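Student: what's the 3D shape of this:
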Amino acid sequence: MADIRSLHDAVADLIHDGDTVAMEGFTHLIPFAAAHELIRQGTTDLTLVRMTPDVVYDQLIGAGLAARLVFSWGGNPGVGSLHRFRDAVENGWPRPLELDEHSHAGMANRYVAGASGLPFAVLRGYLGSDIPRRTDTVATVVCPFTGAELAAVAALNPDVTVIHAQRADPAGNVQLWGLTGVQKEAVLAARRVLVTVEEVVPALDPRPGALTLPTWTVDAVAVVPGGAHPSYAAGYSTRDNAFYRAWDAISRDREAFTAWLDSQVRRREGATPR
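Tutor: Numbering: from 1, shown residues only. Got it, this is the predicted structure:
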């Protein structure tokens with residue numbers, strides 16, 4: 001059953017040094033506020049998991065929190081490269097970063113396997129690529145019915161999954177809608193779950209297309225209005241495209257990035273980076 005907690009306390013209790021942490025949200029509902037709280041608390045040696053890691057993981061990697069990244073594609077959407085990510089891979093700054101790269105389908109199926117309590121998932125993919133030679137989380141299996149060779153991907157079961165959503169009720173049931181990705185699967189695959197929300201409402205009313213996560217799937221809910229900024233929350237905020245463009249210059253230079261991190265993230269809880 002989910003407790004309504006402060007973001008500081010929820011992060012401190014649920015996320016620990018060395019954990020495998022998934023922060024999901026595809027363009028929309030990306031949990032930036034929770035990531036910034038991780039930076040403020042200095043939680044480190046993390047294995048970060050995410051489909052399409054973008055600016056939120058560029059910030060965590062640049063802050064030195066990540067030892068390993070499990071991902072599919074990475075970039076600043078519509079702008080270009082993730083420069084803190086590149087610096088860690090190419091130069092080991094601020095620390096070396098181990099990579100476990102997959103396709104989008106592979107990552108999604110890994111979450112599905114984890115959520116289903118299965119050790120692996122099977123899909124048509126990877127065959128002919130060099131990814132299986134670069135990771136121990138992809139193998140091949142032979143179908144017992146057709147004899148076809150298929151790809152198998154190891155299940156993902158993060159220690160913690162963090163997502164942002166539009167709202168929750170006092171019991172900790174969570175509701176999100178709009179452009180969703182693999183949030184449901186990432187939540188159900190995880191051992192612990194933190195959800196930041198725009199607001200807590202007395203009751204969740206039916207909404208076409210909405211996804212509801214029952215309270216028993218969530219450990220803590222933190223009320224953080226604007227907690228997805230600079231991404232957006234449908235019905236509550238719009239995407240801050242100017243920030244994504246500005247990030248390219250901020251993140252290219254180590255000193256500029258460090259100054260931004262100190263002034264805009266580390267200074268206080270609840271700060272809205274600009």
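Student: could you measure from the closest residue to residue 211 other than its chain neighbours over to residue 129?
Tutor: Nearest residue to residue 211, sequence neighbours excluded (C-beta to C-beta, 6 or more residues apart in numbering): residue 176, at 5.4 Å. Bear in mind the C-beta positions are built from the backbone N, C-alpha and C, glycine included. Residue 176 is 33 Å from residue 129, where distance means C-beta to C-beta, to the nearest Å.
Student: cool, and residue 167?
Tutor: Taking C-beta to C-beta, one finds residue 167 at 41 Å from residue 129.
Student: likewise residue 218?
Tutor: From residue 218 to residue 129 the distance is 36 Å (C-beta to C-beta).
Student: so residue 199 is in which element?
Tutor: strand 192-200 (DSSP states H and E).
Student: mind listing what's buried in stretch 19-35?
Tutor: By neighbour count on 16 or more other C-beta atoms under 10 Å, the buried set for stretch 19-35 is 19-26, 28-35.
Student: also stretch 203-221?
Tutor: Residues 204, 210, 212, 213, 215, 217, 218, 219, 220, 221 are the ones in stretch 203-221 that count as buried (16+ other C-beta under 10 Å).
Student: can you tell me which of the buried residues of stretch 19-35 is nearest residue 102?
Tutor: Within the buried residues of stretch 19-35, the smallest distance to residue 102 is 13.2 Å, found for residue 22 (C-beta to C-beta).
Student: does the closest one belong to a helix, a strand or coil?
Tutor: Put simply, residue 22 is strand when judged by DSSP: H, G, I helix; E, B strand; the rest coil.
Student: that one is in contact with residue 160, isn't it?
Tutor: Yes. Using C-beta atoms under 8 Å, residue 22 is in contact with residue 160, at 7.3 Å.
Student: what's the overlap in contacts for those two?
Tutor: residue 190 (C-beta atoms under 8 Å, 6 or more residues apart in numbering).
Student: C-alpha coordinates for the host helix or strand of residue 152, PDB please?
Tutor: Assessed by DSSP H and E, residue 152 sits inside strand 149-154. Extracted in PDB, the C-alpha atoms of strand 149-154 (Å, rounded to 0.1, in the frame of the first residue of the first chain):
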ATOM      1  CA  GLU A 149      15.700 -19.600 -33.800                       C
ATOM      2  CA  LEU A 150      14.600 -16.600 -31.700                       C
ATOM      3  CA  ALA A 151      16.100 -13.900 -29.500                       C
ATOM      4  CA  ALA A 152      15.800 -14.200 -25.800                       C
ATOM      5  CA  VAL A 153      16.300 -11.200 -23.500                       C
ATOM      6  CA  ALA A 154      16.800 -11.400 -19.700                       C
END
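Student: next SSE downstream of it?
Tutor: Counting by DSSP H and E, what follows strand 149-154 is strand 160-168.
Student: partners of the helix or strand following that following strand, with directions?
Tutor: Using DSSP H and E, the helix or strand that follows strand 160-168 towards the C-terminus is strand 174-176. With DSSP bridges as the test, strand 174-176 is paired with strand 160-168 (antiparallel), strand 211-213 (antiparallel).
Student: those strands: lowest mean pLDDT?
Tutor: Here the lowest mean pLDDT among those goes to strand 211-213, at a mean of 95.
Student: related to what we said a few turns ago, now, among the buried residues of stretch 203-221, which is nearest to residue 75?
Tutor: residue 213 (28.4 Å).
Student: mind listing the residues bridging to that closest one?
Tutor: residue 174.
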